[in-house]
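> coords below, sequence missing:
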């Protein structure tokens, strides 16, 4: 397998099926690709998304990961995806140039948690729900108001991803349990 994570966005879908994830994202399934080619294509283009087979992760759950620059654009509806797929869906994004760091978590169509931060301005752009222990360990306070100072980096996004589902940077070199698939926007 080939890992990813830096300057990227991805979804983690609990007990997901790759074809169902591609369909829920409104993408055309282009089929299987070699891991390196698929991850590179998703990272370098605006209209392709790489989708993994189910991978073992947090909470003894299988997770399907979907990644690509396309997911960095506004409009990824984690709540809608969670409702459509009938499971937990998580969204992560990190881009160290602008210090953009975000994560969201929805379960069965209900938003559980969202956090967004832009380090260039020091602005918390979204906050819903209470931080869990993984987020607190990453440095988030228990509550947020206008007086609260927050400092989050890429490693914090990856540590929350590891606690909630999978840190995708850890995939490199591990044996693949199946092929990588590519979806394309029409």
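Ah, there it is. All values reported here derive from a predicted model rather than from experimental measurement.

> return the residues in contact with residue 1.
Listed by CB atoms under 8 Å, 6 or more residues apart in numbering, the contact set of residue 1 reads 35, 52, 171, 172, 173, 174, 175, 176. For every residue, glycine as well, the C-beta is placed using N, CA and C.

> show me the helices in this protein, by range?
Shown for the chain, the helices assigned by DSSP state H span residues 18-24, 35-44, 78-85, 133-137, 154-164.

> excluding chain neighbours, what is closest to residue 73?
Counting by CB to CB, 6 or more residues apart in numbering, residue 73 lies nearest to residue 46, which is 7.7 Å off, once chain neighbours are set aside.

> kindly apply the preceding question to residue 27 instead.
Leaving aside its sequence neighbours, residue 27 sits nearest to residue 183 (CB to CB, 6+ apart; 3.1 Å).

> what residues sit buried inside the lowest-mean-pLDDT helix or strand in the chain?
Lowest mean confidence among the helices and strands of the chain (mean pLDDT, DSSP states H and E): strand 123-128, at a mean of 94. Buried residues in strand 123-128, counting neighbours by 16 or more other CB atoms under 10 Å, are found at 124, 127.

> elements contacting it?
strand 110-118 (3 or more CB pairs under 8 Å, 6 or more residues apart in numbering; DSSP states H and E).
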